[in-house]
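Peer 1: What would the 3D arrangement of this be:
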Amino acid sequence: MAFPEYDYVNLENITLREQVASDPQGFLHRHEHGLIVDEVQYLPDLFSYIQIWVDDDRNRRVILTGSSNFSLMEKVSQSLAGRAAVLTLLPLSFEELAVNSINTDCLMLNGGYPAVWGNMQLPKDVYANYYMTYVERDLRQLLNVRNLSSFQQFIRLSAGRASCEFVASEFANELGVDIKTIRQWESILETSYITFMLPPYYRNIGKRIVKTSKRYFMDTGLLCYLLDISNEQQLADHPLRGAIFENMVVAEMVKRYYNRGKTPRLYYYRDKSQNEVDVVDEISFDQLCAYEIKSSRTYHLSFNKGLDYFRKLYGDRVVSSMVLYDGQEKSVSPDNGFINFRDWSPDIG
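Peer 2: This next block holds a predicted model:
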């Protein structure tokens, strides 16, 4: 849809893949006006031919997509360094789904994977297949995991602690593996866009790196599957519904940055006295937006406690503070406003 004039080929097709492999130069020269190659990781030798083809004429354009981020990015960095722009395609966002007509529990349970919305497949089937093929098989092979049981337990324990601080030593103690292994497992989940971290906010940038981050799942549909939530009623009554709701909204913030080709500058705030703000969006060094996320349908003044404290602490640097909740009333004020999470529009610098 974005590039209708480009030719499209999918290397998932074995016959086509063999044809391209037999004459890669001829294949590229038949598509001078633009080319989209899907599942390009199946033919890694093609990258070297693309490099030469593009170097001969810098006006040539190729769009390379693939579902295996590891092998794809390895080849891009090796063969196409300085020649490629990288765009991250995450699960569907609120903007893409037009969420105003969708029940909140349905939105969290379905997640953002296209097969659920485009093909009307049951979420539990989509995420079960995804988990079995990609998470268990591909990631386990990449990590050379010998103890599959511990790796599976790690992923499911992670789901139970979504929207919480990630403490590697706690996982290591519970699973009986060393901290280095836990960090390796988590790193691979982040690289594959299954999870992501929200660092703590400090003026001192060095502290942001070494202090404990909060960890979220990129998609709440997968998160619900890992928590054995199979329908909306189970989700509505689940003790972790608030954490899942927070996860959904924070993931949406991340998507909106990536969908605009920008790197997220999102943090959380918490001090030793347990004063806390769910999300701090650093628009620039002297412009901060603070957000409190609540799954409640009713707004309460107590929701502002963390925002009030943060405003006093950082003064004029806080240009906006808002409670994002599931209710219908709204108030957009110079101080702390509140608004339904669906109506929130980011101020991305």
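
Peer 1: can you give me phi and psi for the closest residue in space to residue 7 that isn't next to it in sequence?
Peer 2: What sits nearest to residue 7 in space, not counting adjacent residues and going by C-beta to C-beta, 6 or more residues apart in numbering, is residue 31, at 4.8 Å. In short, each C-beta sits where N, CA and C put it, glycine included. With angles defined as degrees, to the nearest 10, residue 31 sits at phi -130, psi 50.

Peer 1: distance of residue 31 from residue 5?
Peer 2: 11 Å (C-beta to C-beta, to the nearest Å).

Peer 1: the more surrounded of those two?
Peer 2: Neighbour count, other C-beta atoms under 10 Å: between residue 31 and residue 5, residue 31 has more, with 18 against 6.

Peer 1: For that one, give its distance to residue 134.
Peer 2: Noted for residue 31: a distance of 30 Å to residue 134, by C-beta to C-beta.

Peer 1: Ok, residue 102 next?
Peer 2: Distance from residue 102 to residue 134, by C-beta to C-beta: 26 Å.

Peer 1: Could you do residue 30 as well?
Peer 2: Counting by C-beta to C-beta, the separation of residue 30 from residue 134 is 33 Å.

Peer 1: who has more neighbours, these two?
Peer 2: residue 134 (15 against 11).

Peer 1: For the more buried one, list the residues it contacts.
Peer 2: The neighbours of residue 134, taking C-beta atoms under 8 Å, 6 or more residues apart in numbering as the test, are 67, 192.

Peer 1: again, but for residue 277
Peer 2: Contacts of residue 277 (C-beta under 8 Å, 6+ apart): 201, 268-270, 290-292, 306-307, 310.

Peer 1: which non-adjacent residue is nearest it?
Peer 2: Excluding the flanking residues, the one nearest residue 277 by C-beta to C-beta, 6+ apart is residue 269, at 4.2 Å.

Peer 1: and the gap between the residue nearest in space to the middle of the chain and residue 189?
Peer 2: By C-alpha atoms, centre = their mean, the chain has its centre lying nearest to residue 218, at 3.5 Å. According to C-beta to C-beta, residue 218 stands 9 Å off from residue 189.
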